[in-house]
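Asker: Just the structure for this:
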Amino acid sequence: FFDIKIQTIAKMIHELLAACLVASSYGISNTIYIDAVHGKDSNSGGQSDPFQTPQRAQQEIRAAAGSLPAGGITVIVNDGHYDLSEGPLNLTAQDSGTIASPVVWQAAAGSSPVFAAGKVLNTSNAQLVKRADGTVLVKIDLRAQGISDYGRIIANNGLGNCPTGGIRTPDRGRMELFVNGESLVLARYPNVNMTTGYWQWNNIVSVQSSATEFTYAEDRVATWQNQTEDLWLWGYWAFDWADSIVKVASIDTTKKMFTINSTTPPTYEFKPKARWLGFNILSELDQTDEYFIDRHAGVLYYLAADTAAAANNELVVSQAVSSLWMDAVSNVRFDGINFGYCRGTGVSVRNSANVTITNADIRNVGGNGASISACTNVSMTASNVLNAGCHGVSVTCGSTTTLEAGNCRLESTSVSHVARFTRTYNPTLAWSGAGNTFTNNTFSNSPHAGILGGGNNCLFQQNHIHDVCYEVDDSGAFYTGRTWTKRGNIIRYNHFESVRTRVPVFLGSPSVQAIYFDDQMSGFEVYNNTFKDCQAGVFVGGGRAHHIKFNTFESCDTAIHFDDRGLTWQTSYCQPNGTFDQELQAVNYLEPPYLTAYPELENIYGQRPCYPTLNQVADNHACACTHLFDYSVPQLVSWDNVLVNNTNVTAPGCVSGPARELPSKRTRTRPISDIESEPWRHRPIELLEAKRTWHEHEL
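Answerer: Residues are numbered from 1 along each chain as shown. You can find the predicted model right below:
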């Protein structure tokens with residue numbers, strides 16, 4: 001016994017000495033310091049002699065792989081602009097921690113470092129160019145600053161396609177200009193309305209060829225005739241819920257007709273009255289939110305608000321595709337680090353587990369702000385995502401086949417001003433998978449949907465969704481649809497506000513909804529939400545088995561909408577062997593885990609399969625809404641729906657009562673950046689207290 005114990009102790013001492021020897025050999029410490037301004041990668045990485053780049057810190061972490069010091073490694077990131085213009089900080093399994101010894105990338109106290117995929121321009125040699133109309137452009141020679149990749153505009157054919165390059169492809173997509181932390185748009189006509197922020201549009205007069213030719217009314221287009229080499233048109237060509245861009249081949253100024261390059265057809269065919277605008281046009285550079293890049297000459301132009309102070313402006317052009325890329329990483333945390341100025345996705349986390357992004361600002365990106373996919377236990381908290389070209393945040397965790405939960409979280413985060421490169425189907429939050437949670441977030445300023453996707457057993461609670469769907473029709477602040485397999489989701493204690501079409505549409509009716517269950521979507525729990533100033537509160541498009549209870553509606557056109565599309569124009573979806581049945585068969589819905597999780601599916605084809613049936617709508621209260629319901633209540637009741645104790649008070653000055661309070665309500669751990677706060681420069685980001693906090697009466 002004693003021999004065995006002595007041998008065990010000797011082995012432990014040997015392993016400890018070996019670990020110490022390895023640590024001594026590689027200089028492994030619990031803390032590594034980096035400083036973009038004062039550091040050098042030839043330094044030791046200590047507090048007084050920090051490294052300069054995150055990649056050098058990464059080398060130290062990799063040297064410790066398999067023998068991380070007790071308590072893990074923390075990289076202290078001092079203030080500054082960390083230049084990742086040649087490529088992102090790319091983390092793999094070698095950069096992982098363990099549960100007991102995590103790897104933490106931590107902003108130094110009081111600092112706000114930026115992992116920037118863009119290049120800061122030297123403005124000391126900028127030239128001022130006075131045009132015939134008296135306007136003065138700022139001209140910068142990019143080539144003289146060592147920049148040769150000016151990017152290109154990529155067509156976005158297909159619904160929601162994000163026209164950016166990829167980290168694993170040589171094409172890095174469109175280069176953008178950011179002035180004093182603000183994103184600009186390529187020179188265009190009509191201009192963005194500087195007061196409202198809404199985009200403005202022209203209209204097609206007539207269509208000569210459904211994919212290549214249409215006429216216009218605007219005389220000024222004649223001035224574009226010698227600028228067609230890289231001239232593009234953006235439009236809602238056939239529907240006011242689907243946009244795409246097309247490249248101009250030629251302009252016939254006599255006929256006032258565009259001919260479109262056949263390699264960039266519209267997603268849907270051109271229709272008269274459709275909205276369009278022209279962009280990437282130097283002669284239209286006439287507003288301070290615009291820029292233009294002459295890719296042949298390697299020259300950048302923009303219109304400064306104050307030309308006398310133009311040399312003091314901070315200019316950044318996006319270069320690398322991403323700022324942070326993680327694949328197969330575990331037990332890593334980023335705290336207080338900011339990311340941006342990239343041509344693609346700002347932060348990407350794939351195939352990873354136990355990863356946290358917290359207290360981050362992710363902004364000014366050409367693709368998605370943040371993407372979390374095929375992960376487990378990954379969270380983003382207390383952060384701010386702003387000015388994404390496509391999605392704000394995308395979360396795909398867990399399995400819709402096995403119903404295994406992903407346990408990913410988005411919490412106490414503000415996501416705003418998205419879809420700059422593709423206007424539709426690029427929401428503030430895109431979601432799929434199973435078993436994920438989205439709580440206490442603010443989603444705002446999206447031209448199309450606010451929250452869009454589909455999955456199983458996900459929770460959406462205490463979110464504030466406002467000022468979305470303003471540029472389209474037939475969309476939703478929370479949109480999901482067209483399946484019977486995606487079930488078990490809960491929408492509770494959220495506040496929906498200002499969900500209306502604000503920009504004129506011409507190909508459909510201006511109708512958008514706060515919660516949109518499209519095309520017979522079924523099986524959601526919707527309770528204790530508030531809806532204010534929405535065209536429609538809850539829209540049930542032929543669906544079944546929804547529970548809609550204890551919600552309040554104020555100043556909505558229609559509080560709750562029902563229709564019977566499964567009995568009229570959409571019967572093919574819900575019939576045996578139809579679209580829904582094929583999807584149910586694909587997940588073996590008559591066997592576990594689906595049969596166990598959703599026993600109501602077992603007899604779905606014996607319970608009026610194409611009817612809007614088995615819905616429970618109770619204890620909902622409306623104030624000053626035009627309609628409580630816009631469908632026959634007796635008819636709905638005859639189809640085995642339960643509708644009880646729902647009221648609408650239309651008297652002037654009425655105030656809808658509060659929804660019931662959520663027990664053990666969470667609060668924000670960090671103030672959310674106000675979208676109108678100080679521009680993002682390389683100094684500490686000003687964080688303002690949120691204008692809206694969650695009080696009981698607001699729930």
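Asker: Is it correct that Ile388 is in contact with Asn368?
Answerer: Let me fix one detail, which is that residue 388 is Ala and not Ile. Yes: using CB atoms under 8 Å, Ala388 makes contact with Asn368 at a distance of 6.0 Å. (Each C-beta comes from the backbone N, C-alpha and C, glycine too.)
Asker: Between those two, which has more neighbouring residues?
Answerer: Neighbours per residue, other CB atoms under 10 Å: of Ala388 and Asn368, the larger number sits with Ala388, 33 against 27.
Asker: Quick check: bridge partners of the more buried one?
Answerer: On the basis of DSSP bridges, Ala388 is bridged to Val365.
Asker: Could you measure from it over to Val365?
Answerer: 5 Å (CB to CB, to the nearest Å).
Asker: Determine the residues that are contacts of both of those two.
Answerer: Here Ala388 and Val365 have Gly346 as joint contacts, going by CB atoms under 8 Å, 6 or more residues apart in numbering.
Asker: ok, back up a step: can you check which residues contact both of Ala388 and Asn368?
Answerer: With CB under 8 Å, 6+ apart, Ala388 and Asn368 have common neighbours Gly346.
Asker: bridging residues for the closest residue to Glu411 other than its chain neighbours?
Answerer: In space, and not counting its chain neighbours, Glu411 is closest to Thr381: 4.6 Å by CB to CB, 6 or more residues apart in numbering. With DSSP bridges applied, Thr381 shows beta-bridge pairing to Thr358, Glu411.
Asker: which residues sit in contact with Thr381?
Answerer: So Thr381 contacts Thr356, Ile357, Thr358, Asn359, Arg409, Leu410, Glu411, Ser412, Thr413, Thr669 (CB under 8 Å, 6+ apart).
Asker: go again using 7 Å as the cut-off
Answerer: Neighbouring residues of Thr381 by CB atoms under 7 Å, 6 or more residues apart in numbering: Thr358, Glu411, Ser412, Thr413, Thr669.
Asker: would JSON lines of those with distance to Val205 and pLDDT be doable?
Answerer: What follows is those, written out as JSON lines (distance: CB to CB, whole Å; pLDDT from 0 to 100):
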{"residue": "Thr358", "distance to Val205": "52", "pLDDT": "98"}
{"residue": "Glu411", "distance to Val205": "49", "pLDDT": "98"}
{"residue": "Ser412", "distance to Val205": "49", "pLDDT": "98"}
{"residue": "Thr413", "distance to Val205": "44", "pLDDT": "98"}
{"residue": "Thr669", "distance to Val205": "54", "pLDDT": "38"}
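Asker: lowest confidence element among the helices and strands of this structure?
Answerer: One helix or strand of the chain scores below all others by mean pLDDT, DSSP states H and E: helix 2-26, with a mean of 43.
Asker: For the helix or strand that comes right after it, list every residue counted as buried.
Answerer: Using DSSP states H and E, the next helix or strand after helix 2-26 towards the C-terminus is strand 31-34. For strand 31-34, a neighbour-count test (16 or more other CB atoms under 10 Å) marks Ile32, Tyr33, Ile34 as buried.
Asker: Which strands or helices does strand 31-34 pack on?
Answerer: helix 54-63, strand 73-77 (3 or more CB pairs under 7 Å, 6 or more residues apart in numbering; DSSP states H and E).
Asker: hmm, 10 Å instead?
Answerer: Contacting strand 31-34 under the criterion 3 or more CB pairs under 10 Å, 6 or more residues apart in numbering; DSSP states H and E are the following elements: helix 54-63, strand 73-77, strand 103-107.
Asker: What strands flank the last one, and is each parallel or antiparallel?
Answerer: The reference is to strand 103-107. strand 73-77 (parallel), strand 330-335 (parallel).
Asker: In TSV: the ones you listed, plus distance to Arg487, mean pLDDT and mean neighbour count.
Answerer: Formatted as TSV, the strands paired with strand 103-107 follow (distance: least, CB to CB, whole Å; pLDDT from 0 to 100; neighbours: other CB atoms under 10 Å):
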stretch	distance to Arg487	mean pLDDT	mean neighbour count
strand 73-77	42	98	22
strand 330-335	31	98	22
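Asker: Would you mind giving those strands as TSV with distance to Trp484 added?
Answerer: Below are the strands paired with strand 103-107 laid out as TSV (distance: least, CB to CB, whole Å):
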stretch	distance to Trp484
strand 73-77	48
strand 330-335	35
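Asker: now the helices: where do they sit in the protein?
Answerer: Taking DSSP state H as the criterion, the chain contains helices spanning 2-26, 54-63, 571-574, 579-586, 594-597, 633-638.
Asker: just the CA coordinates of the fourth one, formatted as CSV?
Answerer: It refers to helix 579-586. Provided in CSV are the C-alpha atoms of helix 579-586 (Å, rounded to 0.1, in the frame of the first residue of the first chain):
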residue,chain,number,x,y,z
THR,A,579,-45.3,20.2,-48.1
PHE,A,580,-46.0,20.0,-44.4
ASP,A,581,-46.5,16.3,-44.4
GLN,A,582,-43.2,15.7,-46.1
GLU,A,583,-41.4,17.8,-43.5
LEU,A,584,-43.1,15.9,-40.7
GLN,A,585,-42.1,12.6,-42.2
ALA,A,586,-38.5,13.9,-42.5
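Asker: List the buried residues in it.
Answerer: Thr579, Phe580, Asp581, Glu583, Leu584.
Asker: what's the last one in contact with, if anything?
Answerer: Remark: with contacts taken as CB atoms under 10 Å, 6 or more residues apart in numbering, Leu584 is in contact with Thr483, Trp484, Thr485, Gly578, Leu590, Tyr594, Leu601, Ile604, Tyr605.
Asker: Hmm, Glu525 is touching Ile491, no?
Answerer: Yes: in this structure Glu525 lies within contact range of Ile491 using CB atoms under 10 Å: 6.9 Å.
Asker: Give me the common contacts of the two.
Answerer: Leu459, Ile548.
Asker: dump the residue contacts of the residue sitting nearest the centre point of the chain.
Answerer: For the chain, Gly392 is the residue whose C-alpha lies nearest the centre (CA atoms, centre = their mean; 1.4 Å). Contacts for Gly392 (CB under 10 Å, 6+ apart) come out as 362, 365, 368-370, 385-386, 410, 413-419, 426-430, 441, 443-446, 450-451.
Asker: Would you confirm that Ser44 contacts Phe51?
Answerer: Yes: using CB under 10 Å, Ser44 is in contact with Phe51, at 8.4 Å.
Asker: re earlier: would you turn the buried residues of strand 31-34 into TSV with distance to Asn261 and pLDDT?
Answerer: Converted to TSV, those look like this (distance: CB to CB, whole Å; pLDDT from 0 to 100):
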residue	distance to Asn261	pLDDT
Ile32	51	98
Tyr33	52	98
Ile34	47	98
